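[1] Mind folding the following:
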Amino acid sequence: LGFFLHRGKKTVLWTGSDILSYVDTNPFIRGGTHFVENKVEQRVLQQKGIKSIVQPQFFGDLTKFKTTYEHSYTPTVFLCAHQGREEEYGVNIVLNIAPQLPQIMFVIYGVEGKGLPNVSFRGKVSEEQFDSEIGQYQACLRLNLFDGFGECLAKSLLLGQYPLSVIKYQFITTVRSDR
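    Residues are numbered from 1 along each chain as shown. Just a heads-up that it's a prediction; the model follows:
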């Protein structure tokens, strides 16, 4: 309602699943300038009659991230997930492919689970600890089929790593999810 009542310039930044849960329930959201973080989000808004501009966002402090990438023949790849949404974030895919890739260590943040020899669950950690640990890794894996521009991708890119995403972004390798 505040969006509708506001008489000044209106700008909306959509950052992922908020599109799926909010657009249909709020008829007042149609006006203003709308920004999304990728073409997947843009298509969904377009289907609902809302034009948008694609502009990935990062709200962190850019000065905190320096290139720390070091090549490894036994790379560590990290991903982030949320409790109760493990399938959405591709945890099951990692658990399926990890045995086929024993030289790669997968580190999963945000959820607890039973690991494999090359899969470690870190659970929830502070942002400071997360940033410190991921600086030692080689890649980030983002397997969400519908998503905003995850901060883990941005941080991986800023650290000079190899971010991998199912959703296409400039400067990021696009991978298949094989769900």
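[2] Going by C-alpha atoms from here, please, whenever you check contacts or count neighbours.
    Noted.
[3] pLDDT on the helix or strand encompassing Leu95, on average?
    If you go by DSSP states H and E, Leu95 is part of helix 91-97. Averaged across helix 91-97, pLDDT comes to 96.
[4] Can you name the element that comes right after it?
    strand 105-109.
[5] Check which helices and strands that following strand sits against.
    strand 76-80, strand 119-123 (3 or more CA pairs under 8 Å, 6 or more residues apart in numbering; DSSP states H and E).
[6] count of residues packed around Ser132?
    12 (other CA atoms under 10 Å).
[7] per-residue pLDDT, Tyr22?
    75.
[8] hmm, I was thinking of Gly16
    Gly16 is given a pLDDT of 87.
[9] Quick check, it in contact with Asn144.
    No. Counting by CA atoms under 8 Å, Gly16 sits too far from Asn144 to count as a contact (10.1 Å).
[10] Can you give me the buried ones in the helix holding Leu95?
    Within helix 91-97, the residues scored as buried using 16 or more other CA atoms under 10 Å are Val91, Ile93, Val94, Leu95.
[11] What of stretch 100-118?
    Quick answer for stretch 100-118 (16+ other CA under 10 Å): Ile104, Met105, Phe106, Val107, Ile108, Tyr109, Gly110, Val111, Glu112, Asn118.
[12] who's in contact with it?
    73-83, 86, 91, 94-95, 98-99, 119-125 (CA atoms under 8 Å, 6 or more residues apart in numbering).
[13] Would you list the buried entries among these?
    Members of these classed as buried by 16+ other CA under 10 Å are 75-82, 86, 91, 94-95, 98, 119-124.
[14] Need phi/psi at Thr173.
    The phi and psi values for Thr173, taken as degrees, to the nearest 10, are phi -70, psi 130.
[15] what about it, distance to Ala139?
    11 Å (CA to CA, to the nearest Å).
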